Structure formats: C-alpha cells, structure tokens
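**Q** curious how this folds, go ahead:
(one chain, ligands or ions: 2)
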Amino acid sequence: MCESKDRKEIILDAAHTIDRNTREGSEEGFRVVIAGKGGVGKTTITALLSHLLARDGHTVLAVDEDPQMNLPYAMGVPRERSDAIVPLTKNLDYVEEKTGARPGAGWGLMMTLNPDVSDVVERFGIKGPGGVNILVMGTVVQAATGCLCPENALLESVVRYINLREGEVILMDTQAGVEHFGRSIAQGFDQAVLVTDPTFNAVQVAKHAAVLTKELGIPTVHLVVNRVRSEKDAIKVKDLLGDTADLFTEMFFLPYEEQLIECEPDVEPMLASTSSPFVKGLRAVQSALVQYGTKPDS
Ligand SMILES: Nc1ncnc2c1ncn2[C@@H]1O[C@H](COP(=O)(O)OP(=O)(O)O)[C@@H](O)[C@H]1O
Ligand SMILES: [Mg+2]
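**A** Numbering: from 1, shown residues only. Ligands and ions are numbered 1, 2, ... in the order given. Below is the predicted model of the structure:
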C-alpha cells in the first residue's frame, strides 16, 4: 500500500526539514529504546520502568512505536481512553485537513512547535496514570517490499526533535524483531534495553539487535533476560550468548512472575509487591538506566 510518489516526497521532505532543525549535540535528559523478539516482555517492562522512573521524580515520556499500540493498556490507561487515542500519524493528517494544506504539507507544521516534552504531549499525547506522558506513534506496518513508508521516517524525526531537559526521560517500546533497527528508529538514543527470554530464538534476536545497536552508535546496551525459571535457564542464555555477552554493558535476570498474568494488561499494581524478585530486578534495571543516563556535568 504505497503512497503516490508525490505524497511520499512531501512527507520525506517534512522529515528532513525537522531533522535539519533538530538541536545537535547532547541533551540533559536521556532516551532508552526497548527492543527484542515478540512476546518476551518489552511492553510490560517499558510500562513498569516508566512508572518506577516517574515515581522517583523523572518526567517520563513513554513512546509506543509498535503498530499494535498496546503500551497505553499496559500503562493502565482505561480502555475507553486508550481506544480514543489518536496516534501521531493520524494527528498530523488532521493538521493537514484543518489547514487545507496539500497532502503531506501540513506535516511540516510540526516545526512551529517548541520541541519539548510538555508541548508535544499537550498536542499529540496523553497524560497517563502515575503522571506518565504517553505518545502513540501509529507506526505504519512495513508492507510489501519497495514501500519505504515515509510516515515512519517522519515519526522518528519528531521523536528526535524533542529536546530533553534535566530529569526528562524517553522510554520507547518497539515492535517485535530487529528489522526496524535498519531504519533510523533508534538514532540519537543513549541506551538500549534488549529483552529476551530463555529461548534460542529470542536470544538470537537479542544478539542481532545488540550488533545493530552498536552499529547505530548507541553507547550503552543492556540485556534483560526475562521469565527466568531456574539457574539452568540463566546458564542456557549465557551459553547461547557466547562472546556476544561482551556487547552488553549490564545483564539482568528477571524471574518468571505469576502475578503478572493476574493484573495484565494494566501491570502497574505489580509494583505494590515490593518483595517480588521480579520487581526488585526491575529496580536494578532502573538504577542502571539512571546511572548511565546521568550526564557528567549535570
Ligand atoms: N517475568 C514475567 N513472568 C511471567 N509473565 C511475564 C513476564 N514478563 C512478561 N510476561 C507476560 O508475557 C506476555 C507478553 O508480554 P509483553 O510485555 O506484551 O511482551 P512484548 O511486548 O515483548 O510482546 C504478557 O502476558 C506478560 O504479562
Ligand atoms: Mg509489546
């Protein structure tokens, strides 16, 4: 389902314009991309880390890059409100309708925004439970070969355009797999959290993603091994990783947590179980993110 050549070019042009106007150099806050195979726990972990960071005083922007758009449910946004969320892709189309601009041209109006978290959220996102800001991108599924889906390039440039002040954090939950890493999606991110479970296929995806994140220049890449049921599981993953283990800044092992099934899709109540080894493990991941995200002179 490719767009006409014209519209494609206009949208890509808008993306390039935003990129050209994006502040270069370091920012005070930090951005974390969460990736891995489908079903390993990316959305669960993104939602819980967002709540933990917000509770500790960070201003969190949780970005849903998955076309399935299920992060708001995991964040605890009530169903009626989640269902009513207009993803950024559609929102930009509204701008176009309202202004009567040529197809695609309205997207360039993003440029009139002061690029900080509160502005972007006020216009395009929602304030979720626990004060976490949520932005649903409405990523276009990469369809048949040959379709470059310029909307995705535009969405990515909008996220890059936001300038993070001190104490501000972006956590971006991504779609399954590593194909999208070939695009610029994770460009400009400071840290990646690659999630796997103790299965061969999921570890393969994490290994591949680790290589790609390094190639993209992301300096800090953590591995979270989720749903670990025994010491044997942990040893299996270490064996499967082999030398690739050296690519990771830190590795975390989170146990299987029965209670998650009881509370999903809204996983926030899980955090009340402070003695849960799963929650304790998440706290350790949170500490690492803050530690590596703290800029030397801030
Ligand atoms: N540590 C865990 N223990 C038990 N179940 C888990 C754990 N982590 C995630 N889950 C469950 O696994 C399922 C998939 O998780 P999800 O976060 O949606 O994965 P992804 O976003 O990677 O596709 C959910 O039902 C979630 O509750
Ligand atoms: Mg998910």
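**Q** C-alpha only now, for contacts and for neighbours.
**A** Will do.
**Q** how about the helices in the stretch 51-200 of the chain?
**A** All helices of the stretch 51-200 of the chain, identified by DSSP state H, counting those that start in this stretch, fall at 71-74, 79-83, 88-99, 117-124, 150-161, 200-215.
**Q** among these, which is nearest ligand 1?
**A** Closest approach to ligand 1 among those is made by helix 71-74 (8.0 Å; C-alpha to the nearest ligand atom).
**Q** in the chain, where's the longest strand?
**A** Ranked by residue count, the top strand of the chain under DSSP state E comes out as strand 220-228.
**Q** list the buried residues for stretch 217-226?
**A** Residues of stretch 217-226 classed as buried: 218, 220-226 (neighbour count, 16 or more other C-alpha atoms under 10 Å).
**Q** and which of the residues you listed is nearest residue 65?
**A** Within the set of the buried residues of stretch 217-226, residue 218 lies nearest residue 65; the separation is 18.0 Å, counting by C-alpha to C-alpha.
**Q** ok so, going back, keep only the buried residues of stretch 217-226 that also lie close to ligand 1.
**A** When contact is defined as C-alpha under 6 Å from any ligand atom, these meet ligand 1 at residue 226.
**Q** point out the most buried one among the helices of the stretch 51-200 of the chain.
**A** Across the helices of the stretch 51-200 of the chain, the average number of neighbours (mean count of other C-alpha atoms under 10 Å) peaks for helix 71-74, which reaches a mean of 24.
**Q** tell me the contacts of the closest residue to residue 256 other than its chain neighbours?
**A** Among residues not flanking residue 256 along the chain, residue 227 sits closest, at 3.9 Å (C-alpha to C-alpha, 6 or more residues apart in numbering). With contacts defined as C-alpha atoms under 8 Å, 6 or more residues apart in numbering, the neighbours of residue 227 are 40, 197-198, 254-257.
**Q** over to residue 228?
**A** Contacts here follow C-alpha under 8 Å, 6+ apart; on that basis residue 228 touches 197-198, 234, 253-256.
**Q** again, only this time at 10 Å
**A** Contacts for residue 228 (C-alpha atoms under 10 Å, 6 or more residues apart in numbering) come out as 196-198, 234, 237, 253-257, 278.
**Q** do residue 41 as well
**A** Listed by C-alpha under 10 Å, 6+ apart, the contact partners of residue 41 are 34-35, 195-197, 224-227.
**Q** if we look at stretch 284-298, which residues are touching it?
**A** Stretch 284-298 has contacts (C-alpha under 10 Å, 6+ apart) with 26-32, 45, 48-50, 52-53, 58, 166-167, 169, 190-193, 219-220, 222-224, 249-254, 278-283.
**Q** and that stretch, how far from the chain's centre?
**A** Taking C-alpha atoms, centre = their mean, to the nearest Å, one finds the center of stretch 284-298 at 17 Å from the center of the full chain.
**Q** could you dump the helices of the stretch 51-200 of the chain into CSV and include mean pLDDT?
**A** Listed next are the helices of the stretch 51-200 of the chain as CSV, based on pLDDT from 0 to 100:
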stretch, mean pLDDT
helix 71-74, 96
helix 79-83, 91
helix 88-99, 69
helix 117-124, 75
helix 150-161, 82
helix 200-215, 95
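**Q** reformat these as JSON lines; add distance to residue 242.
**A** Putting the helices of the stretch 51-200 of the chain into JSON lines (distance: least, C-alpha to C-alpha, whole Å) gives the following:
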{"stretch": "helix 71-74", "distance to residue 242": "32"}
{"stretch": "helix 79-83", "distance to residue 242": "42"}
{"stretch": "helix 88-99", "distance to residue 242": "40"}
{"stretch": "helix 117-124", "distance to residue 242": "40"}
{"stretch": "helix 150-161", "distance to residue 242": "33"}
{"stretch": "helix 200-215", "distance to residue 242": "10"}
